[in-house]
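Novice: Fold the stuff below for me.
(chains A and B)
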Amino acid sequence: MIKLNVNGRTVDVDAEEDTPLLWVLREQLELTGTKYGCGIAQCGSCAVHINGEVVLSCAMPVGSISEGAKIVTIEGLSSDGDHPIQKAWAELDVPQCGYCQPGVIMTAAALLAKNPKPTNAEIDDAISNICRCGTYARIRQGIHVAADWKA
Amino acid sequence: MMTNALGITRRNFVVGMAAAGAGFSLGFFTPLGGSGPLPAAETPEVNAWVVIMPDDTVVIRIARSEMGQGTLTGLAQLVAEELQCDWSKVATEYPTPGQNLARDRVWGSFSTGGSQGIRGSHDYVRKGGAAAREMLIEAAAKRWKVPALECSAAESVITHEPTGRTTTYGTVAADAAKLEPPFDVILKDPKEWKIAGKSLPRLDTANKVTGKQVYGSDLRMPGMLNAAIKACPVFGGTLKSYDENKASGMPGVRKIVRVGDNAVAIVADTWWRAQSALEALPVTWDFGPDANVSSADIAETLKEGLDAKEAFVGNKAGDIDKALATASKTVEAVYGYPFQAHATMEPMNAMARWTADKCEVWCPTQNGEAALAAATKASGLPASKCDVYKIHLGGGFGRRGAFHDYVEQAVTIAKQLPGTPVKLIWSREEDMTQDHYHPITQARFVGALDENGDLTGLRVRISGQSILASVMPGRMNNGMDPFVFQGLLPDGDHTISYDIPHLLIDHAMRNPHVPPGFWRGVNINQNALYIESFIDELAHAAGKDALEFRQELLSKNPKCLAVLNAVAERAGWGKPAPEGIGRGLAVCKTFASYVAACAEVSVDGSGDLKIHRIVAATDPGHAVNPRQIEMQVEGSFVYGLSALLYGECTVKDGRIEQENFHSYGVMRLREMPEVETIVMPSGGFWGGVGEPTIAVAAPAVLNAIFAATGKRIRHVPLKNADLRAA
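Specialist: Numbering: from 1, shown residues only, chains lettered A, B, ... in the order given. Here you go, the predicted model:
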């Protein structure tokens, strides 16, 4: 049994230690908001927070996560979808197919937590997620809108 | 009732059962705004398109698929416009393809491709909304015993004008459902639109920002198992054998099965365990006759086609031989376009449950009816015992329209575990190496200029792959694939833009073994790149300005001219560009819409390209949701520029070499230029939106690179090109 703290809840997980956190979240904890896109930490669809840092869960063996580490997924980012990033996303209709957006939103939320007023260049550096629908322009705009709301 | 992690009941998935008994059709309910109300079994269906519940919730049926392009919202706007209902109470649902078959295809085509979502169904969905409105008004009039002509409807409220009495749609919907539909209805003039034509927020955004949106790969069902699959990496090869003992004892593994003649799947309690076991399974393949084919072989075959004697003629005018012989100057160039993968963010997947009496499939699909056909074929059951429940797609781009290999596989696996729901998910590697790829072509262009530098003749030879020959041979025309000429045709939705007196465009079909498919934009991607680059080359050779050269050739094509002029004016064409910046233009008509772009780029000393800004214009005739059009234009640039910058699948030993995003590059946010979109609907026709702009993305940038560096890149992607100044 592996003990994890996910979205403020402590859970016991029965999984091989090399199972990526992504699949434990999706298949055992039924938190399917976090997506599988590549499995090799290239696309960012699986981004979650561990102790406030962005972690690509598809390449994070669950056995290597220290007990007590605080894991937050898209389901735990806010109580009812009212994180400034989520509100800005809804305001601007950022998502198209939406599949990559939980990962983008988690990455953008972590950026804002550290840098309340990021420049375009800082956004470009922080958001390397792949979106095939091509929502990049609105992602950029959404981060600025959320930053303005927080300020 | 079983509940999954998202609080969505099993009823969402098992549709139409209770409803069928009551004589009403109930589709897959799209959960909007969280766990919203589900239509009750007794819910009156006013007609096929409109269901109204007693609390005035309006459920609009959507036959086309939502894959990010916003069609769900746009079609709902069109129905709601004519229905004159309260937009804040609109929800949507997908009818199933099985219901469509059972009801004489009352919802028409389910196919969601070719930028057809709106333009292919606007007329009948609006009529559906208008008919429902008339029936609701009539029901209220009957209840009040007054003439229907004295009643009007707005915002889901019906008013008897002389007395001021009111009632709501929800109150009279059950009565309306019993009425005969009107014989005919008059549609509103788009100038009168209040709901359509507006940049209303999408109906599917709320769940997409909280992680609640359910995609096919997220589905859960009681007792379900998960499957991972590996097909022969060489196209045309088959599965010989596998050593079951090496994987059958691994954690969670339940069954190892053959799937058709070319694949093996492992079924396990979780997908991760299924995939891990699959990677440990020793498999022997028969690679078949194409096991030695490489990209160089394919390029050689296409090159041969450039000079072949026999070719299919797609467009011919005047006397091209004479025009070339008498030209004061000829210009010649050869271009090439590679295989590309769709790479939807959500890999292929489908859930299937098979019993001897029923086969059900839950899957993302761009064409529910084609998915049903695939499920039926694999199930061995009659179509009446099969159905498909559509789920919003995590990207489509053409991959999930004509091809339902993943559905056939899921059913084939589930059939070997009767009664157990099995969810098949492809790994990214499987997704990228078992695609149906953007077709590969080369083309030679020869242009004739007269002494004034005017274009008098154009000779184009396309050599390469036909999608239709592989995918829809029934749509071939005496062996010719007319769609190879997309954007170069004499008439229709994809015409050549320019007025050229002497013209010959033909196609030497050369079909490599790599399977081609429809890929967002389809053949316009390469054809627009070729002709818009070549028009620039001709302008340069003629010593003319690239805008003026095009304007002269577009004098008989006012709509193309209008979008071209719009981008030129907004971009400041004719005024000096900032230091180091080159500007490039492109224009075309495709999917019945008119699009143009002006790109601004720079290339630094080490050859690194920066795309600073793109001004785009689009005239789709009617704009149902201008903001969604802007989003499709922005997204088209990302898809088109990803293809231009990085998109290339190469072949070695008969298989695709690129397996994941580390070797198949795509554009990221840091490369995203500023995009300014001019939406300029001129009315009188209905054009597509999701694909046309892709056509102008690559050539506008290539022409801008030439302006900035003097380098003409004719073979893409740019990752293979040296952009350092010539």
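
Novice: Write out the residues of the stretch 351-500 of chain B neighbouring chain A.
Specialist: Within reach of chain A by Cβ under 8 Å from any Cβ of the partner chain, the stretch 351-500 of chain B has these residues: B:392-397, B:425, B:427-428. Where C-beta positions appear, they are placed from N, C-alpha and C, glycine not excepted.

Novice: Once you drop chain neighbours, what's closest to the residue nearest the centre of chain A?
Specialist: Among the residues of chain A, the one closest to the centroid is A:M106, at 2.9 Å (Cα atoms, centre = their mean). Leaving aside its chain neighbours, A:M106 sits nearest to A:A47 (4.4 Å; criterion: Cβ to Cβ, 6 or more residues apart in numbering or on different chains).

Novice: That neighbour contacts A:A109, correct?
Specialist: No. Counting by Cβ atoms under 8 Å, A:A47 stays clear of A:A109, with 9.6 Å between them.

Novice: Same drill for these two, tell me which one is more crowded.
Specialist: Shown here are A:A47 and A:A109; by other Cβ atoms under 10 Å in any protein chain shown, A:A47 has more neighbours (29 against 23).

Novice: now B:E346: how far from chain A?
Specialist: B:E346 sits 5 Å away from chain A, going by Cβ to the nearest Cβ, to the nearest Å.

Novice: Report the contact partners of B:A274.
Specialist: B:226-228, B:252-253, B:265-268 (Cβ atoms under 8 Å, 6 or more residues apart in numbering or on different chains).

Novice: same thing but 6 Å
Specialist: Contact partners of B:A274, counting by Cβ atoms under 6 Å, 6 or more residues apart in numbering or on different chains, are B:226-228, B:266, B:268.

Novice: part of a helix, is the residue nearest to the centre of chain A?
Specialist: Yes. Assigned with DSSP: H, G, I helix; E, B strand; the rest coil, A:M106 falls within a helix.

Novice: Model confidence for it, exactly?
Specialist: Per-residue pLDDT puts A:M106 at 98.

Novice: Quick one: neighbours of the one residue in chain A that gets nearest to chain B, just the number.
Specialist: Nearest residue of chain A to chain B: A:G33, at 2.1 Å (Cβ to the nearest Cβ). Residues lying near A:G33 (other Cβ under 10 Å) number 26.

Novice: Surely it and A:Q101 touch.
Specialist: No. Contact criterion Cβ atoms under 6 Å: A:G33 and A:Q101 do not qualify, at 9.5 Å.

Novice: mind showing which ranges of the chain have poor pLDDT?
Specialist: Since you didn't name a chain, this refers to chain A. In the prediction, chain A carries residues with pLDDT under 70 at positions A:151.

Novice: that's the wrong chain, I wanted chain B
Specialist: Counting by pLDDT under 70, chain B shows low-confidence ranges at B:1-43, B:726.

Novice: near chain A, which residues of it?
Specialist: By Cβ under 6 Å from any Cβ of the partner chain, the residues of chain B that approach chain A are B:5, B:67-68, B:201-202, B:205, B:208-211, B:213, B:218, B:270, B:272, B:345-346, B:394-395, B:428, B:634-635, B:638-639, B:660-662, B:666, B:668-670, B:672, B:675.

Novice: picking that back up, tell me the one of the contacts of B:A274 nearest chain A?
Specialist: Nearest to chain A among the contacts of B:A274, with distances taken as Cβ to the nearest Cβ, is B:N226, at 7.5 Å.

Novice: give the contact list for the closest one.
Specialist: Residues in contact with B:N226 (Cβ under 6 Å, 6+ apart) are B:268, B:270-271, B:274, B:423.

Novice: Going by distance to chain A, which of those residues wins?
Specialist: Using Cβ to the nearest Cβ, these come closest to chain A at B:T270, 4.4 Å.

Novice: how many neighbours does residue 51 have?
Specialist: Let's take chain A. By other Cβ under 10 Å, the residues close to A:N51 number 12.

Novice: that's the wrong chain, I meant chain B
Specialist: Neighbours around B:V51, by other Cβ under 10 Å: 26.
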